[in-house]
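>>> have a look at this prediction, sequence included:
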Amino acid sequence: MALLEIENLVVEFQTSTGTFRAVDGVSMKVSAGEVLAIVGESGSGKSVSMLAAMGLLPWTAKVTADKLVFDGRNLLGMSGSERRKIIGKDMSMIFQEPIASLNPCFTVGFQIEEVLRIHLGLGKAERRKRAIELFEAVGIPNPAERLGHFPHQMSGGQCQRVMIAIAIACNPKLLIADEPTTALDVTIQKQILDLLMRLQTEHGMGLIMITHNMGVVAETADRVIVQYKGRKMEEADVLSLFEAPKSDYTRALLAALPDNATGDRLPTIGEIFKQTSEGAAQ
Amino acid sequence: MTPVLEGKNIVRNYFLPGGLFKKEKTVHAVKGVNFKVEEGKTLAIVGESGCGKSTLARIITMIDPASDGELFIDGKKVDIAAGDLTPEMRRKVQIVFQNPYGSLNPRKKIGDILMEPLIINTNTPAAERRELAMSMLKKVGLQDVHFNRYPHMFSGGQRQRIAIARALMLKPRLLVLDEPVSALDLSVQAQVLNLLADLQDELNLTYVFISHDLSVVRYMADDVMVMYYGEAVEYGSRDQVFNDPQHSYTKTLFAATPRADVDTIRARLARKNAAIAS
């Protein structure tokens, strides 16, 4: 059975120039133990659709869907307090900017223990023990000492590890990683991706990886969804996506990779995509 | 032919004064780096954050003085610490920054942003300034109508075009590009890289291209320098460095770069299936 099931998700924002449809009829399914990558450029609605599933969008957003089910429970029309029992516990998220998403006023230890206190109701000593365990699991050296540090005392890679530790604190069934490595160096990126993949296999979590880096997709995903302007252009398993992309947009996206450059100039998405019938329809 | 840019044993130390409880400290940001770039060529500098590549960019752009070593631009020795830098020298090197959202003044119109370097550095009359800015705008793929707009009205890729246009207003010989595409999407990245390649051919520009994305470096560079903790651990032509990396750090860097080809995916899936079966 699918862990998260979304059918025909639509997210709209009211703007001064009319309604803006950020996500336009996206459907997806994620099972336990599966890695799904959502790829697209900025503005393709990949983050917004996941924020909608998490219920983290501001009230100005209008979210509608035919089906939004997590672990057999309908998220649509669920009250805020009910929902807060699920998000952060069974379903959690890692955000793009590790330094910006931690609270600068509290120690990282406080921030991780907060999750353990609210969701699991652990006592003080138990919380500290578990926090140290989690820091060890994500590869932070001297965990006991590090708990007392503030985010600004840590590097970007270390902050991202703290974010991951917070996200997996309650052994979630589904982890959503929103561009987890975009702000990091390649060597650190490799470490963080390896860590995420290790945790994913160890715990049998479902993992949704939002990214615009095709390399990250190739290195992590089982299945891939390509989004463009709020619509799903293609869904395929990772091998067939790279081997034989069905959609013109995916083909254009892969051709624009500097790795695949053949001539003097790179083919740009506009050039290839707008000439095709699919592009003209957009 | 004299190279456009040459650095001999460039060193840069930052001195951190001590306090009541803190000992004073010297940070060696760049530890004796040599490089040479011929006209119309691209030197790529690769390394992780904190390896000194941006410090080196600041030295090349004549923003910061080097603590030791000699810097030659167009065969002329440059020493800003001595304070004898002519405006002509300054005009030869321009820089494009990483984040186009932060490097354009939000309260100025695009036209004013482009004309500002001319006002500061030259005596070009107003009408001519305007004409130069207009033609530069077209050269980077924007239009006349954009002249009177503000930066917030543009997308990331367009802003980076504006930043490149501004850097080119003074007709520099050398352009320092500090991670010019790392804040951009894949599709826009290709457009900006193409623009840079076009401009290099047209104006015979020399580039110093700073990046941590190896696929972009492989596409853009003629020569590659890999920096690690302030030292150039690898320096050579692109093919040399990519096909036969010598230093262990370069090898680590290559191994860490995610690869988007079918063989890699096949190998990974095979590993995963084997792990599940066992």
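Okay, I see it. Numbering: from 1, shown residues only, chains lettered A, B, ... in the order given.

>>> how about the residues of the stretch 151-278 of chain B by chain A?
B:156, B:185-191, B:193-194, B:197-198, B:212-216, B:218-219, B:252-253, B:255-262, B:264-266, B:268-269, B:275 (CB under 8 Å from any CB of the partner chain). To be clear about C-beta, it is placed using only N, CA and C from the backbone, and glycine gets the same treatment.

>>> could you pick out the buried ones from those?
B:156, B:185-191, B:193-194, B:197, B:212-216, B:218-219, B:253, B:256-260, B:262, B:265, B:268 (16 or more other CB atoms under 10 Å in any protein chain shown).

>>> which ones among those lie within strands?
In strands, judged by DSSP state E, none of these are found.

>>> isn't A:Gly72 right up against A:Met1?
Yes - A:Gly72 is within contact range of A:Met1, at 7.4 Å (criterion: CB atoms under 8 Å).

>>> what residues does chain A put near chain B?
A:41-42, A:156, A:185-190, A:193, A:201, A:212-219, A:238-239, A:242-243, A:252-254, A:256-259, A:261, A:264-270.

>>> narrow those to those in helices?
Among those, the members falling in helices (DSSP state H) are A:156, A:186-190, A:193, A:201, A:214-219, A:238-239, A:242-243, A:252-254, A:269-270.

>>> ok, and the closest non-adjacent residue to the closest residue to chain A within the stretch 1-150 of chain B?
With CB to the nearest CB, the shortest gap between the stretch 1-150 of chain B and chain A falls at B:Glu48, namely 4.1 Å. Spatial nearest neighbour of B:Glu48, excluding adjacent residues (CB to CB, 6 or more residues apart in numbering or on different chains): A:Asp185 at 4.1 Å.

>>> quick one: pLDDT of that neighbour?
Note on A:Asp185: pLDDT of 80.

>>> relative to A:Met1, how far out is it?
39 Å (CB to CB, to the nearest Å).

>>> just B:Glu88 next, same as before
From B:Glu88 to A:Met1 the distance is 72 Å (CB to CB).

>>> picking that back up, between A:Asp185 and A:Met1, which is the more surrounded one?
Taking neighbours as other CB atoms under 10 Å in any protein chain shown, A:Asp185 and A:Met1 compare with A:Asp185 leading, 20 against 9.

>>> surely that one meets B:Ser49?
Yes - when contacts are counted by CB under 8 Å, A:Asp185 is listed as touching B:Ser49 (5.7 Å).

>>> which neighbours do those two share?
B:His212 (CB atoms under 8 Å, 6 or more residues apart in numbering or on different chains).

>>> ranges for the strands of the stretch 1-150 of chain A?
Here the stretch 1-150 of chain A has its strands, by DSSP state E, counting those that start in this stretch, at A:2-15, A:18-31, A:35-39, A:61-64, A:67-70, A:73-74, A:91-94.

>>> which strands or helices does the last one pack on?
Read it as strand A:91-94. Counting contacts by 3 or more CB pairs under 8 Å, 6 or more residues apart in numbering or on different chains; DSSP states H and E, strand A:91-94 packs against helix A:46-54, helix A:156-167, strand A:174-178.

>>> nearest spatial neighbour of B:Thr206, skipping sequence neighbours?
Using CB to CB, 6+ apart, the closest residue to B:Thr206 is B:Val4 (4.4 Å).

>>> neighbours of that neighbour, just the number please.
Neighbourhood size, B:Val4 [other CB under 10 Å]: 25.

>>> residue contacts, it?
B:37-39, B:73-74, B:173-174, B:206.

>>> and B:Ala90, what is it in contact with?
Quick fix: residue B:90 is Arg, not Ala. Counted by CB under 8 Å, 6+ apart, B:Arg90 has contacts B:62, B:121.

>>> in a helix, it, correct?
Yes - according to DSSP: H, G, I helix; E, B strand; the rest coil, B:Arg90 belongs to a helix.

>>> who's in contact with residue 97?
Just going to use chain A. A:Ala183.

>>> ah, I was thinking of chain B
With CB under 8 Å, 6+ apart, B:Phe97 has these contacts: B:103, B:163, B:178, B:180.

>>> in a strand, B:Pro245, correct?
No - assessed by three-state DSSP, B:Pro245 does not belong to a strand; its assignment is coil.

>>> tell me the pLDDT of it.
Looking at B:Pro245, its pLDDT is 91.

>>> cool, and A:Thr268?
Value for A:Thr268, per-residue pLDDT: 73.

>>> now for the contacts of B:Phe97, which sits with the most neighbours around it?
Neighbour counts for these peak at B:Pro180, which has 30 neighbours (criterion: other CB under 10 Å).

>>> residue ranges of the helices in the stretch 1-150 of chain B, please?
Assigned by DSSP state H, counting those that start in this stretch, the stretch 1-150 of chain B shows helices spanning B:53-60, B:87-92, B:110-121, B:126-139.

>>> A:Met50: neighbouring residues, count only.
Using other CB under 10 Å, A:Met50 has 21 other residues around it.

>>> contacts only, for the residue in chain A that chain B sits nearest to.
Nearest residue of chain A to chain B, counting by CB to the nearest CB: A:Gly215, 3.0 Å away. Neighbour list for A:Gly215: B:215, B:257-260 [criterion: CB under 8 Å, 6+ apart].

>>> between those, which is nearest A:Ser101?
B:Pro258 (22.9 Å; CB to CB).

>>> residues contacting that closest one?
A:189-190, A:193, A:213, A:215-216, A:218-219.

>>> now these as a markdown table including pLDDT?
Below are these laid out as a markdown table (pLDDT from 0 to 100):
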| residue | pLDDT |
| --- | --- |
| A:Gln189 | 87 |
| A:Lys190 | 88 |
| A:Leu193 | 91 |
| A:Asn213 | 86 |
| A:Gly215 | 88 |
| A:Val216 | 90 |
| A:Ala218 | 91 |
| A:Glu219 | 90 |
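
>>> and those, which are buried?
Listed as buried from the contacts of B:Pro258 are A:189-190, A:193, A:213, A:215-216, A:218-219; burial here means 16+ other CB under 10 Å.

>>> return the set of residues that bridge with B:Val93.
Beta-bridge pairing of B:Val93 under DSSP bridges involves B:Leu174.

>>> please read the previous query as pertaining to B:Lys31.
On the basis of DSSP bridges, B:Lys31 is bridged to B:Val11.

>>> OK, contacts around it?
B:11, B:52, B:229-231.

>>> switch the cut-off to 10 Å
B:9-13, B:52, B:68, B:227, B:229-232 (CB atoms under 10 Å, 6 or more residues apart in numbering or on different chains).

>>> next one: B:Gln143
B:134, B:137.

>>> pLDDT below threshold where in chain B?
B:278 (pLDDT under 70).

>>> quick check: A:Pro180 is in a helix.
No - A:Pro180: not assigned to a helix; according to three-state DSSP it is coil.
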